[in-house]
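Colleague: Predicted model and sequence below, questions to follow.
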Amino acid sequence: MSIKPLLILIALAITGTGLSLILGSGWTTEPQNTFMTHTIQRGRLSVTVTENGMLESSNNEEIKCMVKGGSTVLWVIETGTFVKPEDELVRLDTSLIEDNITQQKINYERAVANQIIAKSEVDVAQTTVDEYLNGTYIEERNTIEKQIFDAEEQVKKTQLSFESAERLASKGMFRLLQLEGQQFAVDSARKDLALKNQQLATLQRYKRTKKLQELKSALEAAKARLAAEDASLKLEKDRLERDNQQLENCIIRAKSEGMVIFPSAAEWKETPDIEEGAVVREQQTLLMIPDLGTMQVKVGVHESKVGRLKQGMRAEIQLQDSNLIGEVSDIAEVTRPAGWWTGNMVKYDTVIQLPNQEGLKPGMSAVVDIVLAEYKDVLKIPVAAIVETSSGYVCWVSDAKGVSKRPIQVGDTNDEFTIVKSGLQDGEKVVLDPTAFIEAAQIEAMKPMPTKDSSAEEGEPGESGAATDGEKSA
C-alpha cells in the first residue's frame with residue numbers, strides 16, 4: 001500500500017474520532033451562518049391578550065316598537081343622523097289601527113248609552129222606594145185608619161140605635177124582630193171595625209216590609225247593572241285610549257339629543273337593521289341613541305386567558321387615528337354560545353371602559369390589548385428559540401465552539417418573549433427556530449411527550465418545570 005492512501009485513512013479515523021467526541025459532549029458542527037441568533041438580555045416584559053372589538057356606548061337609549069302585534073315600517077331616519085328631542089325617527093303603518101279605532105268608537109258610544117239607561121233605572125228604582133215609603137204606604141195607612149175611624153163611628157151609632165130600640169121594646173113599642181135587626185147592625189159594625197184594624201196591622205207588619213223588600217231588591221239589581229255598565233264603559237274607554245295611544249306610537253320621536261344608530265352598531269345586539277317595508281315586532285329595538293360620554297369596547301376573551309382577567313386591569317385600545325388607555329370594568333360569568341360560526345372557540349365577553357374623549361363613535365373598530373402582567377428587569381428569550389421536549393423546555397446556545405443544547409426553566413410569556421428563570425445568562429446567544437436548522441433539535445421535538453399519569457408515576461416534574469407563571473396563576 002502506498003503512503004498517500006494510508007495517510008488519508010489515518011486522517012479519516014482521526015476526524016471520525018473527534019466528531020464522535022464533539023457530538024457526545026452536546027456540541028454540533030452546523031455552520032453558524034446557516035441560522036439566526038438572538039442575544040439574551042434583561043428588560044421589561046408585558047403579558048397581554050389581544051382581541052378585536054367595536055366601540056359602543058354603555059348607556060344607550062333604545063328606540064323600540066311599542067305597537068301591539070307589530071307593524072310595518074313606512075319610513076326610517078338614516079343612521080348617523082344627529083337628532084334633537086321630538087324629531088321624528090320612525091313612521092309605522094297606521095291603517096289597521098285606524099280601523100280598530102273606528103270600531104272601538106262604536107263600541108264606546110254603545111257602552112255610554114247602556115250606562116245612561118242603567119243609571120236611569122237606578123234613579124227610577126230609588127224614586128220608587130222613596131215614593132212608597134213617603135207616599136203610597138202613608139196613603140194606604142191613612143185610608144185604613146180613616147176606615148177604622150168610620151167603622152168606630154158606625155159601631156157607636158148602631159149601639160145607640162140598639163139601646164134605643166131595646167128601651168122601646170121594653171115598653172112594647174118595638175117588635176122583637178126589629179130589635180134583633182138592630183143587634184145585627186151592631187155586630188156587623190163591630191166586625192167591620194175589627195176587619196179594618198186587621199188590615200192596618202197586616203199593612204204595617206207584612207205588606208209594608210214585603211213591598212219595601214221588593215223595591216229595594218229592584219234598586220240593588222239596578223245598581224248592579226249600572227256597575228256592570230260602568231265597568232263595560234271603562235273597558236271600552238280604555239280600549240279606545242289604547243288604540244289612540246297605538247296610533248301615536250306609530251310615529252316614534254326622539255326623547256333626547258344625540259346621534260341615531262342601528263342596533264347592529266352595538267356588538268352585543270343581533271337585531272337586523274330596519275328599512276322601509278320591513279315588518280317589526282312589538283318591543284323590537286329599532287334604533288339607539290348612544291351616550292357618547294360613556295363609551296366602551298366589548299371583546300371576547302378566550303377561555304384559556306379569561307382566568308387571568310381582573311377588574312381594573314389596564315387595557316390599551318388602538319383606534320384608526322388614536323390610542324387610548326382604558327380598564328377592564330366587567331367580565332362575563334357565562335360564555336358566549338360557541339358553534340361553527342365562531343370556529344367552536346369559547347370566549348367570555350369582557351367590557352373595557354374608555355375615557356371620555358371627543359370623536360369616539362359607536363361602530364368604530366378597535367384593537368384591545370389587555371395587560372395581564374408587567375415585569376421589570378427580567379431575563380427574556382424569544383418564544384421562537386424554545387423547543388418543548390419530553391424532559392422539559394430547551395434551547396440551543398451558540399458560541400465560538402458551535403451550538404449546544406441547554407435545558408431552561410421558563411416563566412410567564414407574551415407569545416413573543418418568555419421569562420427565563422434559570423439555564424441562561426445575560427449576553428448568551430440562542431438559536432432562533434432551531435428545529436429548522438439543527439438536526440438534534442428536530443429529533444428532540446419529534447420525541448413523544450410523556451402523559452401526565454406516567455410522569456406522576458415516575459416521580460418526574462412533568463409540566464411543573466415547564467409551566468409559566470401565567471398558567472400557574474390561572
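Modeller: Nice, I can see it. Keep in mind the model is a prediction, meaning the values are calculated, not measured.
Colleague: Tell me the confidence at the most centrally placed residue in the chain?
Modeller: In the chain, the C-alpha nearest the mean C-alpha coordinate belongs to Gln283, at 11.6 Å (CA atoms, centre = their mean). Reading off the confidence values, Gln283 has pLDDT 92.
Colleague: show me what contacts it?
Modeller: Neighbour list for Gln283: Lys64, Cys65, Met66 [criterion: CB atoms under 8 Å, 6 or more residues apart in numbering]. Where you see a C-beta, it was placed from the backbone N, CA and C, and this is true even at glycine.
Colleague: switch the cut-off to 6 Å
Modeller: Lys64 (CB atoms under 6 Å, 6 or more residues apart in numbering).
Colleague: So it: helix, strand or coil?
Modeller: Reduced to three states with DSSP: H, G, I helix; E, B strand; the rest coil, the structure at Gln283 is coil.
Colleague: measure it to Pro263 for me?
Modeller: Summarising the geometry, the distance separating Gln283 from Pro263, computed by CB to CB, to the nearest Å, is 13 Å.
Colleague: now Ser164
Modeller: Computed with CB to CB, the distance linking Ser164 and Pro263 is 116 Å.
Colleague: more neighbours, these two?
Modeller: Looking at Ser164 and Pro263 with other CB atoms under 10 Å, you find the greater number of neighbours at Pro263, namely 21 against 12.
Colleague: Report whether the expected contact of that one with Thr285 is present.
Modeller: Yes - in this structure, Pro263 sits in contact with Thr285. The criterion is CB atoms under 6 Å, and the distance is 4.9 Å.
Colleague: name the helices or strands packed onto the longest helix along the chain?
Modeller: Ranked by residue count, the top helix of the chain under DSSP state H comes out as helix 208-249. Helices and strands touching helix 208-249, as assessed by 3 or more CB pairs under 6 Å, 6 or more residues apart in numbering; DSSP states H and E, comprise helix 95-131.
Colleague: so after the helix it packs on, what's the next helix or strand?
Modeller: Stepping forward along the backbone from helix 95-131, the first helix or strand reached (DSSP states H and E) is helix 137-170.
Colleague: Tell me the gap between that following helix and the middle of its chain.
Modeller: With CA atoms, centre = their mean, to the nearest Å as the basis, helix 137-170 stands 93 Å off its chain's centre.
Colleague: Show me what the very next helix or strand once past that helix packs onto, helices and strands only.
Modeller: Secondary structure here is assigned by DSSP H and E; on that basis, the next helix or strand after helix 137-170 toward the C-terminus is helix 176-202. Counting contacts by 3+ CB pairs under 6 Å, 6+ apart, helix 176-202 is packed against helix 137-170.
Colleague: buried stuff in the helix it packs on?
Modeller: Within helix 137-170, the residues that count as buried by 16 or more other CB atoms under 10 Å are 137, 140-141, 144, 147-148, 151-152, 154-155, 158-159, 162, 165.
Colleague: Just send those back as a markdown table, with distance to Gly359 and pLDDT too.
Modeller: As requested, the buried residues of helix 137-170 are exported to a markdown table (distance: CB to CB, whole Å; pLDDT from 0 to 100):
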| residue | distance to Gly359 | pLDDT |
| --- | --- | --- |
| Tyr137 | 91 | 93 |
| Glu140 | 96 | 93 |
| Arg141 | 96 | 94 |
| Ile144 | 101 | 93 |
| Gln147 | 106 | 93 |
| Ile148 | 107 | 93 |
| Ala151 | 111 | 92 |
| Glu152 | 112 | 92 |
| Gln154 | 116 | 91 |
| Val155 | 117 | 91 |
| Thr158 | 122 | 90 |
| Gln159 | 123 | 89 |
| Phe162 | 127 | 81 |
| Ala165 | 132 | 76 |
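Colleague: so who does the nearest residue to Ala373 once chain neighbours are set aside touch?
Modeller: Closest residue to Ala373 in three dimensions, ignoring its sequence neighbours and counting by CB to CB, 6 or more residues apart in numbering: Val47, at 4.3 Å. Each residue near Val47 by CB under 6 Å, 6+ apart is listed here: Leu372, Ala373, Asp412, Asn414.
Colleague: Please identify the helix or strand for the second one.
Modeller: The secondary structure element spanning Ala373 is strand 365-382 (assigned by DSSP H and E).
Colleague: Return the list of helices and strands in contact with that strand.
Modeller: Against strand 365-382 (3+ CB pairs under 6 Å, 6+ apart) you get strand 41-57, strand 295-302, strand 314-318, strand 417-422.
Colleague: Those: which one's closest to Gln178?
Modeller: Nearest of the helices and strands packed on strand 365-382 to Gln178, taken as CB to CB: strand 41-57 at 122.2 Å.
Colleague: hey, C-alpha coordinates of the helix or strand just after the closest one in CSV?
Modeller: Using DSSP H and E, the helix or strand that directly follows strand 41-57 along the chain is strand 60-64. Output in CSV follows, covering the C-alpha atoms of strand 60-64 (Å, rounded to 0.1, in the frame of the first residue of the first chain):
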residue,chain,number,x,y,z
ASN,A,60,-77.9,53.5,25.1
GLU,A,61,-81.4,54.9,24.8
GLU,A,62,-83.2,52.2,22.9
ILE,A,63,-85.9,53.2,20.5
LYS,A,64,-88.4,50.3,20.5
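Colleague: and stretch 392-410, average pLDDT?
Modeller: Stretch 392-410 shows a mean pLDDT of 93 in the predicted model.
Colleague: Could you give me the buried positions within it?
Modeller: Applying 16+ other CB under 10 Å to stretch 392-410 flags 392-398, 402-405, 408-410 as buried.
Colleague: on that earlier part again, return the distance of the residue nearest to the centre of the chain relative to Glu62.
Modeller: Relative to Glu62, Gln283 is positioned 10 Å away (criterion: CB to CB).
Colleague: What of Thr389?
Modeller: The spacing between Thr389 and Glu62, counted by CB to CB, is 56 Å.
Colleague: can you check Gly135 too?
Modeller: Counting by CB to CB, the separation of Gly135 from Glu62 is 68 Å.
Colleague: and if you look at Ile251?
Modeller: From Ile251 over to Glu62 the distance is 17 Å, taken as CB to CB.
Colleague: Ok, Ile352 next?
Modeller: Between Ile352 and Glu62 the distance, using CB to CB, works out to 22 Å.
Colleague: Comparing those two, which residue is more hemmed in?
Modeller: When Ile352 and Glu62 are compared for neighbours, Ile352 comes out ahead with 27 against 16, by other CB under 10 Å.
Colleague: That one: what's it in contact with?
Modeller: By CB under 6 Å, 6+ apart, the neighbours of Ile352 are Val297, Ala315, Gly326, Val368.
Colleague: ditto for Thr418
Modeller: The neighbourhood of Thr418, defined by CB under 6 Å, 6+ apart, consists of Ile381, Val383, Val410.
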